[in-house]
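*Asks:* Make a model of this:
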Amino acid sequence: MKNLNKKSEIKNTLLVVASVLNGNNIKWGLGGSLLLYLYGIDTSVEDIDIVIDEDDMYKVESIVKNYSHIEKAKSDIYLTKRFFSVTLNKVDVDLMIGFKVLTTNGVYSFPTGYKITDKSILIDGITIYLCSLKDWLEAYTAMERTNKIDLINESKLVK
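*Replies:* Numbering: from 1, shown residues only. Sure, this is the predicted structure:
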């Protein structure tokens, strides 16, 4: 029963976040485990990962001021320009602006502009922009998240 409540909280939180981002004309895409789940890949979803275009950084800064949030600092590996974590409905929402990861081959940069998203879907009448699985496979590879890499590869959804 707890799991059903969590799914409902995540869905409702996603709809709130999407409404705010869409209402402010922000270029964004859903990524992470929730993206995999929406593609039918069996994975647990604990939070919501949103990739945002750098051009919309100031819009996002002004929005997050209205919510309880923390800004995570860059690390030696994660070089994302701005990383805000907001908690809504007991769900963590990570907003990554200029998502970058240092790898042994250099810096991996997530696509920007309208290349952030692959397609969109409607959930309860609200547009949800989805990042591509291929881009998230590359991101997970850069982050060395082998469990997620394996899930995507096993799904055979990325060629």
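
*Asks:* Contacts for the biggest helix by length in the chain, please.
*Replies:* Looking across the chain with DSSP state H, the single longest helix is helix 2-23. With CB atoms under 8 Å, 6 or more residues apart in numbering as the test, helix 2-23 has contacts from 28, 30, 34, 45, 48, 50, 52, 63, 88-91, 93, 123-124, 126-129. Placement of C-beta: from N, CA and C, glycine included.

*Asks:* If we go by neighbour counts, what in it is buried?
*Replies:* 10, 11, 13, 14, 17, 18, 21 (16 or more other CB atoms under 10 Å).

*Asks:* Please tell me how far the spatially closest residue to the third one that is not a sequence neighbour sits from residue 77.
*Replies:* Excluding its sequence neighbours, the residue lying closest to residue 13 (CB to CB, 6 or more residues apart in numbering) is residue 91, at 4.2 Å. With the distance defined as CB to CB, to the nearest Å, residue 91 ends up 25 Å from residue 77.

*Asks:* which of these two has more neighbours?
*Replies:* Taking other CB atoms under 10 Å, residue 91 and residue 77 do not tie; residue 91 has more neighbours (20 against 12).

*Asks:* Alright, calling it a day.
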